[in-house]
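Asker: need a structure here:
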Amino acid sequence: MKTILVPLDHTAATEATLAYANKLAVRWPAEIVLLYCQPADIVTTLEAQTQHLQSLVERLRYQQLTRQDGRRIRYHYRVLAGCLHDHIRAEATRCAADLVVMGLEHIDCGRQEAPGNHAAALTELVTCPVLVVPPGRRSLPQRLVFLADFGTLNPTVLPRLAALESAFPTAPLDLVQFYAPAQRPQRRSLRQGLAKAAAQLAWAAPSALHLLEDDAPLEGISEFCAHIQAQLLVIAPASPAQLLRYFDACYTTTRAYHTQIPVLVLRAAERQPAVQCCDKCAERLARQEAPAGATATASSRAAYHGVNWV
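Answerer: The predicted structure follows:
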């Protein structure tokens, strides 16, 4: 059974975050772990906070879902004293979370920060993907956009996205790579990286590849998402600073399109080296990996010719 960890606060946007997680849990399917961390200056008992979460769950699952779907979701409650960033790593490990769903404007330790700042900090503390949901009611996405530098993308990122495919089984996926005018001589290698990533991902719904010239990729991806009316943006930032730029105040203030849709943040996983107890094991592993590499090469060649580029 898959598990979605949902950190909540007491803002009005909490309901929208949980409503979105509910829809994901039904579609995937998955169980939900609700996590509330109570700051030290709040005198309400932890038991009272648990009852508050239970009341919220009962109200939302029968208001937002059909009765059958509402009964299908299993909920677990965790109410802890302290700040979320002090507990999120241990709680994600404890419940073996496959995904964290949190609000764009989440408040931690009673501190209100610029939208996305807490999400960016928490993304560095957990190993699973983090889905950042802006305020407002919304349905599950009908079209996804995956933005990355596919030439340098860590190979462990793609399996993490593929693991979420069953939550969006019919949603087409657009893979987008931007390049600066100075990179024009490298377009061939960029197309190859894009095609290789598409072949490895093997998304069930139709996928499109886009290699676009733009020296301002953040503005470019916002315009691209708006043009195709995407409802979910998937990103694989190379650093915390790069992630923070997605939620920069200039974009949230001007309500840039990419800040008005959920953003799925994928981090690279630490790869565990294969254990080889003897030379025969090493030879067997080499034989197992060879066919997969040949298949991926053939698929990459076929996908290479389908790239849309400007």
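
Asker: so what pLDDT did the closest residue to residue 148 other than its chain neighbours get?
Answerer: Using C-beta to C-beta, 6 or more residues apart in numbering and skipping residues adjacent in sequence, the residue nearest residue 148 is residue 236, 4.6 Å away. Every C-beta, even on glycine, is put in place using the N, C-alpha and C of the backbone. On pLDDT, residue 236 comes in at 94.

Asker: Which parts of this structure belong to which domain?
Answerer: Using automatic domain parsing, the domain ranges for the chain come out as 2-133, 144-265.

Asker: Now mean neighbour count too, for those, in CSV please.
Answerer: Shown next, in CSV, are those (neighbours: other C-beta atoms under 10 Å):
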stretch, mean neighbour count
domain 2-133, 18
domain 144-265, 18
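
Asker: in what helix or strand does residue 234 lie?
Answerer: strand 232-235 (DSSP states H and E).

Asker: which residues are contacting that strand?
Answerer: Strand 232-235 has contacts (C-beta atoms under 8 Å, 6 or more residues apart in numbering) with 141, 143-148, 161, 168, 171, 221, 225, 243, 246, 258, 261-266.

Asker: rewinding a little: could you check how far the residue nearest to residue 148 is from residue 243?
Answerer: 10 Å (C-beta to C-beta, to the nearest Å).

Asker: avg pLDDT for the helix or strand harbouring residue 199?
Answerer: Using DSSP H and E, residue 199 falls within helix 187-201. Summarised as a single mean, pLDDT over helix 187-201 is 94.

Asker: Tell me which stretches of the stretch 201-310 of the chain form helices.
Answerer: In the stretch 201-310 of the chain, helices defined by DSSP state H, counting those that start in this stretch lie at 217-228, 240-246, 249-253, 279-304, listed in chain order.

Asker: Tell me if residue 122 really is in a helix.
Answerer: Yes. Counting by DSSP: H, G, I helix; E, B strand; the rest coil, residue 122 is located in a helix.

Asker: about what we covered before: can I get the strand holding residue 234 in PDB? Just the C-alpha atoms.
Answerer: Output of strand 232-235 as PDB, limited to C-alpha atoms (Å, rounded to 0.1, in the frame of the first residue of the first chain):
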ATOM      1  CA  LEU A 232       1.000  19.900 -13.000                       C
ATOM      2  CA  LEU A 233       4.600  21.000 -13.300                       C
ATOM      3  CA  VAL A 234       7.300  18.400 -12.500                       C
ATOM      4  CA  ILE A 235      10.800  19.800 -11.800                       C
END
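
Asker: starting at the chain centroid, how far to that strand?
Answerer: Centre-to-centre, strand 232-235 and its host chain are 7 Å apart (C-alpha atoms, centre = their mean, to the nearest Å).

Asker: re the thing from before, mean pLDDT for the helices of the stretch 201-310 of the chain: which is lowest?
Answerer: Lowest mean pLDDT of the helices of the stretch 201-310 of the chain: helix 279-304, a mean of 50.

Asker: Tell me the secondary structure at residue 90.
Answerer: Taking three-state DSSP, the label given to residue 90 is helix.

Asker: Residue 21 touches residue 101, doesn't it?
Answerer: Yes. Between residue 21 and residue 101 a contact is recorded at 4.4 Å, counting by C-beta atoms under 8 Å.
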